[in-house]
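Engineer: what follows is a predicted protein model with its sequence.
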Amino acid sequence: GITMELVEELDETTRGEGGFGSTDQKSCKTVEKQDPPIKRSKVVGEVASAARESEVIREAFRSDMGKKGGKKKEKITGTPDVVRFKTTTTYYATLRECAQLQESLPFVASDPMAEDEYKKVARFLSMLGMLCDMCEVQSDKGYRTRNYHKLLDPRPNFDPKGFPVAVVQAARGIQDEPSLCYNGKRYQFSDEVKEKAESFLKDIDREMNLIAGYIEPALKSDFGQGLRTFKVELTDKLMEFDEMFVEFEQIYS
């Protein structure tokens, strides 16, 4: 990660700086002007015209709905255990969102990355974190509270679970500019960190597509391989992702 030279420099440069009215109204008489009586034939004509207009609107709406097929309630399909899984857990909704998000995910190793792109990646990583909880994929992330300096980036994530997008941003930053500049002095990352950052970004792209690519056909087939088999295989893939993410995060921190 960051060398002791950076930490000592930061501590030295930050030591001693304390760290981080009324209106008068005249009465007047008002003479109300009465409108002339409306003829009954005029009222009847206006009512009939309004009725015809309403019928035209309703007919146009029915015609439009007929063309679009209307919005029907989605039919719940699958075996009894799959139907129960779809209707009684948030697990299924999380899987669906992962499959939908995958279509718009950028390639973090090569695509131009702006704020919107990182938001998409952050959302997908959040869904993977939720799936890890549901699949009971757990690993020791205690280093998040141990291995950091108060001025280092990314800021530490004290959540013992999940996958912060800041780690992906840090890896991309190392790839684009393999050094940090603090107080006018530039610090180079080690060759190991630069190589790991490049590999990490490629692994992120591959693993995110692999997981989403496993989820989508399972959803379309109503878990044709069996719900239990799906969960076991997904858990294995999530464990691989977790190990890969933790390995780089520890090196960087």
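Structural biologist: Looks like it arrived, so ask away. This one's a predicted model, so the numbers in the text were calculated from it and none came from an experiment.
Engineer: from here on, contacts and neighbour counts on C-alpha atoms
Structural biologist: Fine.
Engineer: buried set for the strand or helix carrying residue 170?
Structural biologist: Element membership for residue 170 (DSSP states H and E) is helix 165-176. By neighbour count on 16 or more other C-alpha atoms under 10 Å, the buried set for helix 165-176 is 165, 166, 167, 168, 169, 170, 171, 172, 174, 175.
Engineer: what does that helix contact?
Structural biologist: 108-109, 118, 121-122, 125, 153-155, 189, 194, 197-198, 200-201, 249 (C-alpha atoms under 8 Å, 6 or more residues apart in numbering).
Engineer: continuing past it, what's the next helix or strand?
Structural biologist: Moving toward the C-terminus from helix 165-176, the next helix or strand (DSSP H and E) is strand 179-182.
Engineer: what does that next one rub up against?
Structural biologist: Against strand 179-182 from outside (C-alpha under 8 Å, 6+ apart): 10, 186, 187, 188, 189.
Engineer: report the two of these separated the most.
Structural biologist: Spanning the widest gap among the contacts of strand 179-182 are 10 and 189, at 15.8 Å by C-alpha to C-alpha.
Engineer: list the buried residues of whichever strand or helix holds residue 119.
Structural biologist: Using DSSP H and E, residue 119 maps to helix 115-134. Buried residues in helix 115-134, defined by neighbour count with 16+ other C-alpha under 10 Å: 117-118, 120-132.
Engineer: now it against helix 165-176, angle please.
Structural biologist: 130 degrees (axes from the mean of the first three to the mean of the last three C-alpha atoms, to 10 degrees).
Engineer: what's the mean pLDDT across helix 115-134?
Structural biologist: Helix 115-134 shows a mean pLDDT of 96.
Engineer: skip ahead from it and say which helix or strand is next.
Structural biologist: The C-terminal neighbour of helix 115-134 among helices and strands, as given by DSSP H and E, is helix 143-146.
Engineer: in that next one, what counts as buried?
Structural biologist: Buried residues in helix 143-146, counted by 16+ other C-alpha under 10 Å: 143, 144.
Engineer: now it: mean pLDDT?
Structural biologist: Helix 143-146 comes out with an average pLDDT of 76.
Engineer: and residue 108, what element?
Structural biologist: Counting by DSSP H and E, no helix or strand carries residue 108.
Engineer: these two touch, right, it and residue 206?
Structural biologist: No. Counting by C-alpha atoms under 8 Å, residue 108 stays clear of residue 206, with 10.1 Å between them.
Engineer: and these two? Which one has more around it.
Structural biologist: Neighbour count, other C-alpha atoms under 10 Å: between residue 108 and residue 206, residue 108 has more, with 21 against 13.
Engineer: and that one, what does it touch?
Structural biologist: Taking C-alpha under 8 Å, 6+ apart as the test, what residue 108 contacts is 168, 172, 201, 202, 204, 205.
Engineer: would you reformat the residues you listed as TSV and include distance to residue 99 and pLDDT?
Structural biologist: Listed next are the contacts of residue 108 as TSV, based on distance: C-alpha to C-alpha, whole Å; pLDDT from 0 to 100:
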residue	distance to residue 99	pLDDT
168	20	96
172	24	95
201	20	97
202	20	97
204	16	98
205	15	97
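Engineer: among those residues, which two are most distant?
Structural biologist: Greatest spatial distance among the contacts of residue 108 (C-alpha to C-alpha): 172 and 205, at 12.3 Å.
Engineer: which neighbours do those two have in common?
Structural biologist: 108, 109.
Engineer: domain assignment for the protein?
Structural biologist: Using automatic domain parsing, the domain parsing of the chain gives 43-72, 77-252.
Engineer: among these, which is the most enclosed?
Structural biologist: domain 77-252 (a mean of 16; mean count of other C-alpha atoms under 10 Å).
Engineer: gap between the two ends of that domain?
Structural biologist: For domain 77-252, the first-to-last residue distance is 46 Å (C-alpha to C-alpha, to the nearest Å).
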